[in-house]
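> this one's structure only:
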């Protein structure tokens, strides 16, 4: 019996969503897209996740998966071929993800919003302060921009050092490590037109420049909801929801696999 098509609740600019989109492409999976707003409220999604508000969320049938690590583990379990963990590399991709998802990501966030400065919308700042439980201090990020630029260069240089012998992927074969290493460079590049000024001093292959997953532009993305929204003239950023589970499905949906990490 065929499995239900995965549904990804995401927004285009989300770096953690990009990780999952790349994995869909690598595994050649068809998937449905539900675009959510970049900030709260998300009235159609949050009731499904039991209050979890980070992005992305994956839905398969009546099961809801929150947190990128849980989503990745479930995709690997359901669709083990091709694997994200080639022989001999079962643990290091997860360990590398602790670096890319936390200190490297926080450095990239400070770099991006330090560059944007006072152009960051107030409603976005307020939303992120609620998420963090603390101040989202754009002024401090702007003041720290020279340091954040140097730290970003240092982080990307570690990636370049691993690729420096000409290998196409960090561990020789494509793995989750490549997805994680690519995420922050993608986020910085798509967020900042001025990113070229930072990146031009790096080697051409730096940050996966020459080893970008070749499938990325061609993943099987069935953006059903987005297409319907455009047909209605609502634009690509329209918020839509999939069918909510009822009856037995609703009971199953309560057994959600959620946790609080990004």
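Good, I have the coordinates. As the structure is a prediction and not an experimental result, all values here were calculated from the model. Numbers count the residues shown, from 1 in each chain.

> which element is encountered next along the chain beyond the helix ranked longest in the chain?
Scanning the chain for the helix with the most residues, using DSSP state H, yields helix 145-163. Sequence order places helix 176-191 as the next helix or strand after helix 145-163, per DSSP states H and E.

> how about that following helix: buried residues?
176-188, 191 (16 or more other C-beta atoms under 10 Å). Bear in mind the C-beta positions are built from the backbone N, C-alpha and C, glycine included.

> could you give the angle of that helix to helix 145-163?
140 degrees (axes from the mean of the first three to the mean of the last three C-alpha atoms, to 10 degrees).

> begin at 13 from now on, thanks
All right, first residue 13 from here; so that's helix 188-203.

> for helix 188-203, name the packing helices and strands.
helix 27-38, helix 104-113, helix 115-128, helix 157-175, helix 207-211 (3 or more C-beta pairs under 8 Å, 6 or more residues apart in numbering; DSSP states H and E).

> what is the first one packed up against?
Helix 27-38 is packed against strand 19-22, helix 80-90, helix 188-203, with contacts defined by 3+ C-beta pairs under 8 Å, 6+ apart.

> that helix to helix 188-203, inter-axis angle?
Using the same axes, to 10 degrees: helix 27-38 against helix 188-203 is 120 degrees.

> next SSE after helix 27-38?
Immediately after helix 27-38, counting by DSSP H and E, sits strand 43-47.

> the helices and strands packed on helix 27-38: which one's closest to residue 37?
Closest to residue 37 of the helices and strands packed on helix 27-38 is helix 188-203 (C-beta to C-beta; 10.1 Å).

> ok now that closest one, how far from the chain's centre?
Offset of helix 188-203 from its chain centre (C-alpha atoms, centre = their mean, to the nearest Å): 9 Å.
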